[in-house]
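1. return a 3D structure for these sequence lines:
(one chain, ligands or ions: 1)
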Amino acid sequence: MRPLIVAANWKMNTTPADAAALAGIIAAASDHPDVIRVICPPFLSLAAVRDAVAGTGIEVGAQNVHQELAGAYTGETSAPMLAGLATWVILGHSERRRDAGETDALVNRKLARALDSGLRPIVCVGELLADRDAGRAEEVVTGQVRACLAGIDPDALAAAGLVVAYEPVWAIGTGRNARGADAAAMADAIRRVVAEMATPSLAESLPVLYGGSVTAANAAEFFGEPAVDGARVGGASLKRDEMAGIVASASLTAAARLAASAG
Ligand code: PEP
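-> Predicted coordinates:
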């Protein structure tokens, strides 16, 4: 049975002091041990969040990592620098693809680095509105998955607990979410590609999250889809009640899946 995961991306929000306070509040308000909760604050707030969530079960992630281990890369952060601060990493977020020119080839290198370094990767994929309107959403997303995972050992992906987040670009930060059924169809398509290029067992065990304007009010639509295993949450993850509601909704699904698998 795949786990339910709610991964918060705070983007470029919160000072270390704000982040520690918010993380503590969210930890207390979303205490559902059957859901994997991850908070990805800005790099500068990783230590503060790590300390604030110690003992709560919340895990900490970085929003990006450099593909090289060290060197003349001004302003960048390497995987070894994250040791002791983060155990997860978001790769290929659409805002980095848009603002920092990240390509699938670069995400592929970052993924290899994350695996070497023992970070659990969340690889983000998603189509533009023009792709969806042109009926090319699945082609674009499966192409991204192929390119991001190309040449990487399936055993290493399995050992690291690879997660894929389907995040249609037109739904991120816009208040316009996809439909649950569309997210589920894309999750199925992603698993078909992973089965083909890696192994059917990796595909079957692969958590696929939906991201794009998820809120406490709409989370159940996604979690009600058996192919969708949680959410990547941006804007709503900065609000205690939203996070509490989203995690509570995921917990209901986790309990229902457990009951279904038991009986
Ligand atoms: C995101 O940052 O990946 C995201 C899904 O943001 P939001 O929830 O704000 O749409």
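
2. now do the residue lying closest to residue 43 once chain neighbours are set aside against the ligand, distance only.
-> Distances taken as Cβ to Cβ, 6 or more residues apart in numbering put residue 77 closest to residue 43, at 5.5 Å, once the chain neighbours are dropped. The way it works is simple: take the backbone N, C-alpha and C, and place the C-beta from them, glycine included. According to Cβ to the nearest ligand atom, to the nearest Å, residue 77 stands 18 Å off from the ligand.

3. residue 200 too?
-> From residue 200 to the ligand the distance is 28 Å (Cβ to the nearest ligand atom).

4. so what's the residue count around whichever residue of the chain sits closest to the ligand?
-> In the chain, the residue found nearest to the ligand is residue 234; the distance is 2.1 Å by Cβ to the nearest ligand atom. Residue 234 has 22 neighbouring residues, counting by other Cβ atoms under 10 Å.

5. so who does it touch?
-> 8-9, 11, 172-173, 211 (Cβ atoms under 8 Å, 6 or more residues apart in numbering).

6. just residue 61 next, same as before
-> 7, 38-40, 86-90, 120, 122.

7. can I have the buried ones of those residues as a PyMOL selection?
-> Entered in PyMOL, the line below selects the buried ones among the contacts of residue 61, by 16 or more other Cβ atoms under 10 Å:
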select buried, resi 7+38+39+40+86+87+88+89+90+120+122
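
8. from the contacts of residue 61, pick the one nearest residue 250.
-> Residue 250 has its nearest neighbour among the contacts of residue 61 in residue 7, at 10.8 Å by Cβ to Cβ.

9. wait, the closest one touches residue 230, no?
-> Yes - Residue 7 is within contact range of residue 230, at 7.2 Å (criterion: Cβ atoms under 8 Å).

10. list the residues that contact both of the two?
-> residue 209.

11. from residue 216, how far out is residue 240?
-> 11 Å (Cβ to Cβ, to the nearest Å).
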